[in-house]
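>>> Need a 3D model of the sequence below.
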Amino acid sequence: MEQIYLDHAATTPMDRQVIDAMLPVYNEVFGNPSSVHSFGRKARQLLDEARRTMAKSIHANEKEITFTSGGTEADNLALIGTALANQHKGKHIITTTQEHHATLHTVEHLEKQGFDVTYLPVYENGKIAVNDLKEALTDETIIVSIMYVNNETGIIQPIEEIGQLLKEHQAYFHSDAVQAYGLLDIDVKDMGIDMLTVSSHKINGPKGIGFLYAAEDITINAQQFGGEQERKRRPGTENVVGAVGFQKAVELAMENKEERRNLYLNYKNLFLTELEENDISFEINGDHESALASIVNISFPGANVESLLTNFDLSGVAASSGSACTAGSVEPSHVLTAMFGENNECTTNSIRFSFGLFNTTENVEAAARRVAKIVKRLTS
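From the prediction side, this is the model:
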């Protein structure tokens, strides 16, 4: 039985070309990028090239890119580092009820440090309302953190409108773009984004590396202490081999962005069509027209998340009940709870399917047939 992976929003397989780009670095480049001798200079050259690629991909300056261990560290650095460095301007932060836990748990930590946090509501379409943000802003607001694309529903947020609104305000605009990056066009300068979080393993790159874009004029307190790497924002010897792999993944993502978008959208539509043709009762959570090409979150009335996921796995289909960071938990999805309310049945009967490079037309259709068979059995 073929194992079929429909959980690309959790993590992606590494592209073979990424692995090939990393192997020579493992074999030949071991110098510390901070060393002045030839071994160090070679490592520094590779790191600088990777940084330039990251910056170009979002229309930023290379000095504005800080390499991190991934999206979680980048979110922490953006929020805690900026809040502590700018608290003299105010101690008010605005975010949403549907953020990734890397953001939610970070702002909860800041609340314990005396910061005031406003959590904007999310509506049934999966989006926040820009008017709610406008009303929540005060003279004390120093950070607004709103994810670009929700990791559970795939719904794209009104990022450009938010950027325009905040251009005349002191608050820094941070967006967790972990799901958006590589599939959506991002121009941080044009869109008014001050800080942006990206993770390599969501775009077929290696795990353990990501970056934080932060505009040059932003003061950020380092959250770790040691050397003066990464312009004093993130000490520690840089992950050169990871940066080279990440660079290759970014180059491939940028070159093939439109092709991948169309491919993943085609997979999603094939999957949904197959469910419909098998007479499966389901609802798509959030505004389907505002969703990322690669993600769909589906409610199966009368079913249960735990039973669904267990049976999907036994049939060789990998999917998710939402964020991979809460995998194994049978708690209702905090994202769907924010959208529909605590007692809505879709908070405990919804599955996220996410498509990517590991898929083919054939295995997507096969997965849908297996899913349909299981849903029929569990809800009959």
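>>> switch to C-alpha atoms for all contacts and neighbour counts from now on
Will do.
>>> Give me the contacts around stretch 278-286.
Outside stretch 278-286, the residues that touch it by C-alpha atoms under 8 Å, 6 or more residues apart in numbering are 124-127, 153, 155, 296-301, 369, 372, 375-376.
>>> how about it: buried residues?
By neighbour count with 16 or more other C-alpha atoms under 10 Å, stretch 278-286 contains the buried residues 280, 282, 284, 285, 286.
>>> Identify the residue spatially nearest to the last one, adjacent ones excluded.
Right, the one you point to is residue 286. Once flanking residues are discounted, residue 286 sits nearest to residue 125: 4.2 Å by C-alpha to C-alpha, 6 or more residues apart in numbering.
>>> One more: residue 238?
Per C-alpha to C-alpha, 6+ apart, closest to residue 238 is residue 33, 7.2 Å.
>>> Pretty sure that neighbour sits in a helix.
No - Residue 33: not assigned to a helix; according to DSSP: H, G, I helix; E, B strand; the rest coil it is coil.
>>> How much space separates the residue nearest to residue 286 from residue 265?
19 Å (C-alpha to C-alpha, to the nearest Å).
>>> got it, and residue 127?
Separation of residue 127 from residue 265 (C-alpha to C-alpha): 20 Å.
>>> same check, this time on residue 110
Using C-alpha to C-alpha, residue 110 is found at 38 Å from residue 265.
>>> again with residue 180
Separation of residue 180 from residue 265 (C-alpha to C-alpha): 14 Å.
>>> the more surrounded of the two?
residue 180 (24 against 20; other C-alpha atoms under 10 Å).
>>> Name the nearest residue to that one, sequence neighbours excluded.
Using C-alpha to C-alpha, 6+ apart and skipping residues adjacent in sequence, the residue nearest residue 180 is residue 149, 5.6 Å away.
>>> Show me what that neighbour is bridged to.
Residue 149 has these beta-bridge partners by DSSP bridges: residue 156.
>>> my read: it touches residue 175, true?
No - in this structure, residue 149 is not within contact of residue 175 by C-alpha atoms under 8 Å, at 9.2 Å.
>>> between those two, which one's more packed in?
Between residue 149 and residue 175, counting by other C-alpha under 10 Å, residue 149 is the more crowded of the two (28 against 24).
>>> And the pLDDT for that one?
Looking at residue 149, its pLDDT reads 98.
>>> Most neighbours among the contacts of stretch 278-286, please name it.
Greatest neighbour count in these, by other C-alpha under 10 Å, goes to residue 153: 30 neighbours.
>>> how close does it sit to residue 113?
In this structure, residue 153 and residue 113 are 31 Å apart, going by C-alpha to C-alpha.
>>> Same question for residue 198.
Distance, residue 198 to residue 113, using C-alpha to C-alpha: 26 Å.
>>> go on, residue 23?
Distance, residue 23 to residue 113, using C-alpha to C-alpha: 44 Å.
>>> And the two? Which one has more around it.
A direct count of neighbours by other C-alpha under 10 Å for residue 23 and residue 113 places residue 23 higher, at 14 against 11.
>>> so which strand or helix has that one?
Element membership for residue 23, per DSSP states H and E: helix 16-28.
>>> On the C-terminal side of that helix, identify the next helix or strand.
Helix 16-28 is succeeded, C-terminally, by helix 38-57 (DSSP H and E).
>>> Quickly run through the sheet partners of the helix or strand following that following helix, with directions.
Where DSSP H and E defines the elements, the next helix or strand beyond helix 38-57 is strand 65-68. Strand 65-68 sits in its sheet next to strand 210-214 (antiparallel), going by DSSP bridges.
>>> quick one: contacts for residue 291?
153, 154, 155, 156.
>>> ok, now how distant is the nearest residue to it once chain neighbours are set aside from residue 227?
Residue nearest to residue 291 in three dimensions, not counting chain neighbours: residue 155, with 4.2 Å by C-alpha to C-alpha, 6+ apart. Computed as C-alpha to C-alpha, the residue 155 to residue 227 distance reads 40 Å.
>>> Strands along the stretch 101-250 of the chain, start to end?
With strands called from DSSP state E, counting those that start in this stretch, the stretch 101-250 of the chain shows them at 116-120, 141-145, 172-176, 195-199, 210-214.
>>> quick one: strands adjacent to the second one?
Each strand that strand 141-145 pairs with, and the sense of that pairing, follows from DSSP bridges: strand 92-96 (parallel), strand 172-176 (parallel).
>>> same thing with the fourth one?
Sheet pairing here is set by DSSP bridges, and for strand 195-199 it gives strand 172-176 (parallel), strand 210-214 (antiparallel).
>>> average pLDDT across the last one?
Read it as strand 210-214. On average, strand 210-214 scores 98.
>>> how far off helix 38-57 does it point, in degrees?
Orientation check (axes from the mean of the first three to the mean of the last three C-alpha atoms, to 10 degrees): strand 210-214 against helix 38-57 gives 60 degrees.
>>> quick one, what contacts residue 307?
Residues in contact with residue 307 (C-alpha under 8 Å, 6+ apart) are residue 378.
>>> before we move on, what about residue 251?
Here residue 251 is in contact with residue 53 (criterion: C-alpha under 8 Å, 6+ apart).
>>> what about it, distance to residue 17?
From residue 251 to residue 17 the distance is 11 Å (C-alpha to C-alpha).
>>> Name the nearest residue to residue 127, ignoring sequence neighbours.
residue 157 (5.8 Å).
>>> Outline the domain layout of this protein.
According to automatic domain parsing, the chain comprises the domains 4-12+256-379, 16-255.
>>> Off-centre distance for the shortest one?
The chain centroid and the centroid of domain 4-12+256-379 are separated by 17 Å under C-alpha atoms, centre = their mean, to the nearest Å.
>>> Check the last one too.
Centroid separation for domain 16-255 versus its chain: 10 Å, with C-alpha atoms, centre = their mean.
>>> burial of residue 209, as a residue count?
Other residues close to residue 209 by other C-alpha under 10 Å number 25.
>>> That one touches residue 200, doesn't it?
Yes - here residue 209 lies in contact with residue 200, judged by C-alpha under 8 Å, at a distance of 5.9 Å.
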